[in-house]
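*Asks:* The sequence and its predicted three-dimensional model are supplied below.
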Amino acid sequence: MAARPEPPPSTERPRGRPRRRPPAALTAGALAVLALALTAALAPLLPLPDPALGDLANRLLPPGSPGHPFGTDGQGRDVLSRLVWGTQASLLAGVVPVAVASVLGTLLGVVAGLGARAVENAVMRVLDVLFAFPSVLLAIAIAASLGAGLVSMMAALAVILVPAVARVVVTEVARLRELDFMQAARAGGAGWPFIARWHVLPNIMPAVSVYCSALVGLCVVLGAGLSFLGLGVAPPHAEWGAMVDDLRQYVFTAPLLALLPAAAIFLASVSFNVLGEGLRRHFDVKSRYTT
Amino acid sequence: MTAFLVRRLLLAVPTVFGVCLVVFVTTKLVPGDPLASLLGPLATPAARAELSARLGLDEPLPVQFGTWLWNVAQGQLGTSIQLQRDVLDLVWGAFGNTALLAAAGALIAFGGGLALGVTGAFASRRPPRWLASGLSFLAMSVPQYSIALLLVVLLAVEYPVLPAGGMRDPIAGGGAGDVLRHLILPAAAVAMIPMGVIARMLSAVLADVLAGEHIDAMRARGLGRVSIALHALHNALPSLLTIAGLQIAYLLGGVVFVETIFSWPGLGQALYNAIAARDLPLIQGGVLVIAVSFVLINLVVDGAHALIDPRVRR
């Protein structure tokens, strides 16, 4: 048998499978989120005034004042500096709970989806109860009990996100369960940990990670909301939601000031949502055609 | 239909029970020693034991839960620490105002979502389609407190056409027209996220329906655009109802922020004040009442779903 000729080594991409161009939403969202992350990381290096240092002689300066491009708040603290430093808390509040919830929710969902019918029923009933709460209210109840602070706020957010992730995972696993390769694996004597690791996880990963990325924007909004209510980051630290709550008392004297942190939260939420939408279009072939 | 309703009602019982359990568990999450905070650190063991027995804290947790549940079933939600008034009285007084705000918000969310979703799915030109889907994406992403502040600054401070807060004008007000004027801005703010989500989901559902063969058949028979659109909307109605039912959660969550910013005298504002005062009985009473009413609303939505879609009744 004649040996097949080796294809010449090539730096070109293989033909016939053109690389999908990433959707514009993915690029735009990724750039926006990168900008946010850089702002948060570089906050200590930027030449900004101390975000916690008040100056009562210069309180409530309007945006555009010399030395304070975004003005100052009720205690004379520089609003631009507080917005930049506040990026850290908002990103943490958005990303950490989703990361925790995606691991716990996936574990719970896979166990429920592959386990006995009784296990699945038990897990689903518990999820139903947690879904009976509007998520903000459950977060309020938990965070209020745990006490104010960034950690208890993130814990409360993670708790309310776990059922959402778990439900998506259970649905995805149920879709897989009856497929031929799963039955073949079971017939071949594979135990459920093996099936979960090598057959289920790789197949549910795209859907679950796209869903989780869509949760980050929501989580940023909820986290800032909890701080707005006084349940998140404590006041002296710079955090957008707490800034909104602080500055809204001056809405008649300095109406623009309160809008700045409100707009920052909105921009962060839009950035993450655009990124999530881009990921969804990039991975989910079906919705590439319907959207 | 009756059998479906009875079954659905029975299913709601364990859910309400679970909601109560979760709220009870959060009361037990509170860090620190409740006896020490009531009696101070120097209390004698005898005084501690006496108070512990009086509050039922020496009982095992399931017994404590049973007692608490029994009290809740009788309407005893405890006493507000800050206001020293019965929690049920406080919550009940605020409940009606929140229901009014939520209903107005639901109306705007549903109407706006329908308009945007239909435009996004049926408009024959690209610009209106893009505008509709862009607007619903932005509406979906905007935090309730951000849009509420923007509305206050724009329409109550810079161009004062509507009141910035409250429910009734203290001097001239009190009539239905006055309440309506105060209602417009908060209702619009609380409706924003649900409106965006409803519009996006409706567009997607309608796109699925429009790809169906029965739509091709209608087109082949020469039906006009409008009657095809009406047929497609009829097909999309059950999904629309399910989506709208889920959005009520956002609506009820959003009232906390919106009522706070607009000083609307409802449950949300009561919760905000209770959080500021660390008034746990009032927080838990408010959360419990909102969560239970959410379960009941979902019951109604499911009933309506069964009414318009016979497949659900089985």
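*Replies:* Looks like it came in fine.
*Asks:* Roughly how far does the residue of the stretch 201-314 of chain B found nearest chain A sit from residue B:195?
*Replies:* With C-beta to the nearest C-beta, the shortest gap between the stretch 201-314 of chain B and chain A falls at residue B:253, namely 3.2 Å. The C-beta positions use only the backbone N, C-alpha and C, and glycine is treated the same way. Applying C-beta to C-beta, to the nearest Å, the value for residue B:253 to residue B:195 is 15 Å.
*Asks:* OK, contacts around residue B:285?
*Replies:* B:77, B:78, B:87, B:88, B:90, B:91 (C-beta atoms under 8 Å, 6 or more residues apart in numbering or on different chains).
*Asks:* What is the helix or strand where the residue of the stretch 201-314 of chain B closest to chain A lies packed up against?
*Replies:* Secondary structure assignment for residue B:253, by DSSP states H and E: helix B:225-262. Applying 3 or more C-beta pairs under 8 Å, 6 or more residues apart in numbering or on different chains; DSSP states H and E, one finds that helix B:225-262 contacts helix A:135-146, helix A:201-228, helix B:87-122, helix B:144-152, helix B:176-210, helix B:213-220, helix B:267-276, helix B:280-308.
*Asks:* That one vs helix A:135-146, what angle?
*Replies:* 20 degrees (axes from the mean of the first three to the mean of the last three C-alpha atoms, to 10 degrees).
*Asks:* that older thread, if we compare the helices and strands packed on helix B:225-262, which one ends up closest to residue A:87?
*Replies:* Residue A:87 lies closest to helix A:201-228 among these, at 10.5 Å (C-beta to C-beta).
*Asks:* ok so, going back, tell me which of the helices and strands packed on helix B:225-262 approaches residue A:49 most closely.
*Replies:* helix A:201-228 (21.8 Å).
*Asks:* Of all the residues in that closest one, which ones are buried?
*Replies:* A:203-204, A:206-208, A:210-228 (16 or more other C-beta atoms under 10 Å in any protein chain shown).
*Asks:* out of these, who's near chain B?
*Replies:* A:217, A:221, A:224, A:225, A:228 (C-beta under 8 Å from any C-beta of the partner chain).
*Asks:* thinking the fourth one is in contact with residue B:257, fair?
*Replies:* It refers to residue A:225. Yes. With contact defined as C-beta atoms under 8 Å, residue A:225 counts as touching residue B:257 (6.0 Å).
*Asks:* Say whether chain A is contacted by the helix or strand containing residue B:129.
*Replies:* Here residue B:129 sits within helix B:126-141, counting by DSSP H and E. Yes. Helix B:126-141 reaches chain A (C-beta under 8 Å from any C-beta) through B:137, B:138, B:140, B:141.
*Asks:* ok, the last one - contacts?
*Replies:* So the one you mean is residue B:141. Taking C-beta under 8 Å, 6+ apart, one finds A:217, A:266, A:269, A:270, A:273, B:196 in contact with residue B:141.
*Asks:* what bits of the chain have low per-residue confidence?
*Replies:* Since no chain was named, I'll use chain A. A:1-20, A:284-291 (pLDDT under 70).
*Asks:* wrong one, chain B
*Replies:* If you take pLDDT under 70 as the line, chain B has these spans: B:31-34, B:37-38, B:172-174, B:314.
*Asks:* Domains in it, by residue range?
*Replies:* B:2-73, B:90-277 (automatic domain parsing).
*Asks:* Could you identify which of these is most buried?
*Replies:* Of the domains of chain B, the one with the most neighbours on average (mean count of other C-beta atoms under 10 Å in any protein chain shown) is domain B:90-277, at a mean of 19.
*Asks:* Pick out the residue nearest the middle of chain A.
*Replies:* Centroid-nearest residue in chain A, with C-alpha atoms, centre = their mean: residue A:216, separated by 1.6 Å.
*Asks:* if I look at it, how far off is chain B?
*Replies:* Distance, residue A:216 to chain B, by C-beta to the nearest C-beta, to the nearest Å: 12 Å.
*Asks:* And for residue B:310, the neighbour number?
*Replies:* 9 (other C-beta atoms under 10 Å in any protein chain shown).
*Asks:* Roughly how far does residue B:17 sit from chain A?
*Replies:* Between residue B:17 and chain A the distance is 8 Å, computed by C-beta to the nearest C-beta.
*Asks:* ok, that residue to residue B:281 distance?
*Replies:* 20 Å.
*Asks:* Thought residue A:278 was touching residue A:210, still the case?
*Replies:* No. Residue A:210 is beyond contact range of residue A:278, at 9.8 Å (criterion: C-beta under 8 Å).
*Asks:* any idea how far residue B:10 is from residue B:66?
*Replies:* Residue B:66 sits 21 Å away from residue B:10, taking C-beta to C-beta as the criterion.
*Asks:* list the contacts for the nearest residue to the residue of the stretch 201-314 of chain B closest to chain A once chain neighbours are set aside?
*Replies:* Counting by C-beta to C-beta, 6 or more residues apart in numbering or on different chains, residue B:253 lies nearest to residue A:136, which is 3.2 Å off, once chain neighbours are set aside. Neighbouring residues of residue A:136 by C-beta under 8 Å, 6+ apart: A:222, A:225, B:253, B:254, B:256.
*Asks:* Does anything pack onto the top helix by length along chain A? Which helices or strands?
*Replies:* Longest helix in chain A, counting residues (DSSP state H): helix A:79-114. In terms of contacts (3+ C-beta pairs under 8 Å, 6+ apart), helix A:79-114 is packed against helix A:24-42, helix A:117-131, helix A:150-177, helix A:201-228, helix A:240-247, helix A:255-283.
*Asks:* now these in CSV, with distance to residue B:217?
*Replies:* Converted to CSV, these look like this (distance: least, C-beta to C-beta, whole Å):
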stretch, distance to residue B:217
helix A:24-42, 35
helix A:117-131, 39
helix A:150-177, 30
helix A:201-228, 33
helix A:240-247, 53
helix A:255-283, 31
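*Asks:* Please work out which of the ones you listed is packed deepest.
*Replies:* Greatest burial across the helices and strands packed on helix A:79-114, using mean count of other C-beta under 10 Å, falls to helix A:240-247, with a mean of 27.
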